[in-house]
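J.: Sharing a model that was predicted from the sequence below.
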Amino acid sequence: MRSLLSTSAVIIFAASSMSLLWAKSPKGEVAPLTTVSPKPPKALAHEMNSLTGKKVNLAKKYDKKVVLVVNVASRCGLTPQYRQLQQLHKKYATKGLSILGFPCNQFGRQEPGSSKEIQAFCKKNYGVEFDMFEKIEVNGDQACDLYKHLTTLDTKPKNAGKISWNFEKFLVGRDGEVIARFGPRTAPDDKKLIAAIEAALGSTSAAN
């Protein structure tokens, strides 16, 4: 009899303990009292279309890479930055840097061409070999999810907010999170940008 009472006490205690972990909703549904907030999305947790129309999972393709995201245009005073971007690609691609160009026609309508025209222009004039993607919008209601995310981040040296012009640059680390944001007039060969890229490339053993 004493053994039976002890067993009952253990069962009651266990049931009471479990009740502390769960609560009933107004509808009578049982739900845990504590919930774990989802982690914010990584900068590259998006799918985009390449300039040739192929869907690309950015997080998968550029996993463990250092990535420079740039909104580009073919008829801008800053268009010659393509040449410097290509030089970055040639120097650092084998060390783990990927450059992603996203054409945009929102600033002075300076990227009016089709995907084929953009591709031909970049190849002919600047020998572009880094990855290019289909034309997108970077500001406003029609902005793609990638740029909606990027422009909300409190980055340095340029803070959160709308893209101001063609050739703004976001540097993304190997963990898929943004390290820095640079304005349009920060050239790809600017010492501060180069230093940030080299620091990111050397920040993990994945570079070896």
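T.: That came through fine.

J.: what's the domain layout of the protein?
T.: 2-32, 47-207 (automatic domain parsing).

J.: Out of these, which gets the lowest mean score?
T.: Out of the domains of the chain, domain 2-32 stands lowest, with a mean of 45 (criterion: mean pLDDT).

J.: show me the contacts for the spatially most central residue of the chain.
T.: Compute the mean C-alpha point of the chain, and by CA atoms, centre = their mean the closest residue is residue 43, 2.3 Å away. Going by CB atoms under 8 Å, 6 or more residues apart in numbering, residue 43 touches 69, 146, 149, 150, 153, 170, 172, 176, 177, 178. Where C-beta positions appear, they are placed from N, C-alpha and C, glycine not excepted.

J.: Going by neighbour count, which of those are buried?
T.: Among those, those scoring as buried are 69, 146, 149, 150, 153, 170, 172, 176, 178 (criterion: 16 or more other CB atoms under 10 Å).

J.: which of the domains of the chain is buried the deepest?
T.: Most buried of the domains of the chain, by mean neighbour count (mean count of other CB atoms under 10 Å): domain 47-207, with a mean of 17.

J.: Could I get the full set of helices for the chain?
T.: Remark: helices assigned in the chain by DSSP state H are 2-21, 58-61, 81-92, 115-126, 145-150, 191-201.

J.: Return the second one as PDB; C-alpha atoms alone will do.
T.: Read it as helix 58-61. Included here for helix 58-61 are C-alpha records, laid out as PDB according to Å, rounded to 0.1, in the frame of the first residue of the first chain:
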ATOM      1  CA  LEU A  58      22.400  33.300 -53.100                       C
ATOM      2  CA  ALA A  59      22.900  31.700 -49.700                       C
ATOM      3  CA  LYS A  60      23.700  28.400 -51.300                       C
ATOM      4  CA  LYS A  61      25.900  29.600 -54.100                       C
END
